[in-house]
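# When you get a sec, could you give me coordinates for this:
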Amino acid sequence: MKKVIIGLLVLKLFTACSSNEEAQYIDVPLATSKPSNFPDAVYNYGNNPPTQAGFELGKKLFYEGRLSSDGLVSCGFCHIQADAFTHHGHSVSHGVDNLVGTRNTPPIQNMAFQSVYMWDGATNHLDLLSIIPFTSPIEMNGNFETALNMMRQDNTYRTLFKRAFPDGLINAENMLKALGQFMAMMVSSNSRFDHYRRGESGGQLTSTELEGYAIFNQKCASCHATDLFTDNSFRNNGLPINPQINDVGRYRVTELEQDRYKFKVPSLRNIEFTAPYMHDGRFFTLEAVLDHYSSGVTQTPNLDPLLVNGTTLGIPLTASEKSKLIAFLKTLTDHQYLNDPRFAEF
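I've put the predicted structure just below:
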């Protein structure tokens, strides 16, 4: 954390002292240490080493509405920090010209530790992820040449690209790399649960929360695995299929019949603030989510075997167990991340 703050101060100092000078590449590496309770990062930092200048460029791009066709919708439009970078209150994403998608906006957190992205796993590379929402006609509807020309005519962007990359070029590769650097640094690892796991101050859990954790380990951790709370797999969790949309999930990418109606297992981190839930945002409360798993699972093609118990479907949960589970899930809220000025728009 100290290295990041020092990097920010160095960049601001350089900017203040060189406003009338030719911008040049600045190599101020950012620390990418792994939280001790996390698995190893998947992202290859060596291929795109995060620097302070690259991070600052990525942040500006993340909140840049001019990248979209209507000049308003940025990445940050649908990924709001206070809501763990989700689109709180919107069941599905809203894009340019108020067009509506079919899937809920997933949170942005701990991206460097994930192996695949999007509800259907449409990409497995963080630096390429932004292409999907940027070019989607119902999200940003962006055009690379239009966006690059806009930035080439902007003095601020010309300066930022020169500082962020040795070649200083304003091109699609550097644009995507900067966004990748920004997202790679978006690590949420300081919830009360994290402090508990690492034996740190502020990590005390109540008896109810500990009982919820035990229930979680017994009934939920098979899919929501490790302290990332996802195994990065694709599963059908028995949601009744919406016939108006008939979202086939992972099948849309692989065209393998065994992937029909499977969606990526989401992380549960900051889940207190990421409602609505599921790939289509159909549930607005954690209580409704647990009600689904205890009594709402339906037999659909490729239903996950973990949800089949002989002749019954779902995960048996009493009202008391649900209450304790929710108490535990709220210990996964990382208020430091939700308020970290490094990731804020202003």
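# Check the contact between residue 126 and residue 180; I expect there is one.
Yes - using C-beta atoms under 8 Å, residue 126 is in contact with residue 180, at 5.0 Å. Any C-beta I mention is one placed from the backbone N, CA and C, and that applies to glycine too.
# can you pull out the strands in this structure?
All strands of the chain, identified by DSSP state E, fall at 234-235, 263-264, 308-309, 312-313.
# Please name whichever of those is nearest to residue 159.
Proximity to residue 159 (C-beta to C-beta) singles out strand 263-264 among the strands of the chain, at 37.8 Å.
# Tell me which residues are up against that closest one.
Under the contact criterion C-beta atoms under 8 Å, 6 or more residues apart in numbering, strand 263-264 has outside partners 116, 118-121, 230, 232-237, 249-250, 279.
# Just the CA coordinates for stretch 283-293, please, in PDB.
Provided in PDB are the C-alpha atoms of stretch 283-293 (Å, rounded to 0.1, in the frame of the first residue of the first chain):
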ATOM      1  CA  PHE A 283     -33.000 -11.900  -7.100                       C
ATOM      2  CA  PHE A 284     -32.700  -8.600  -5.100                       C
ATOM      3  CA  THR A 285     -31.900 -10.000  -1.700                       C
ATOM      4  CA  LEU A 286     -29.600 -12.600  -0.200                       C
ATOM      5  CA  GLU A 287     -32.700 -14.200   1.400                       C
ATOM      6  CA  ALA A 288     -34.200 -14.800  -2.000                       C
ATOM      7  CA  VAL A 289     -30.900 -16.400  -3.200                       C
ATOM      8  CA  LEU A 290     -30.900 -18.800  -0.300                       C
ATOM      9  CA  ASP A 291     -34.600 -19.500  -0.800                       C
ATOM     10  CA  HIS A 292     -33.800 -20.500  -4.400                       C
ATOM     11  CA  TYR A 293     -31.100 -23.000  -3.300                       C
END
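# Flag every buried residue along that stretch.
283, 286, 289-290, 292-293 (16 or more other C-beta atoms under 10 Å).
# Tell me, how many residues neighbour residue 308?
Residue 308 has 14 neighbours, counted by other C-beta atoms under 10 Å.
# Need the pLDDT of it.
For residue 308, the model assigns a pLDDT of 97.
# Backbone dihedrals for the residue nearest in space to the middle of the chain, please?
The residue lying closest to the centre of the chain (C-alpha atoms, centre = their mean) is residue 108, at 1.9 Å. The phi/psi pair for residue 108 (degrees, to the nearest 10) reads phi -110, psi 110.
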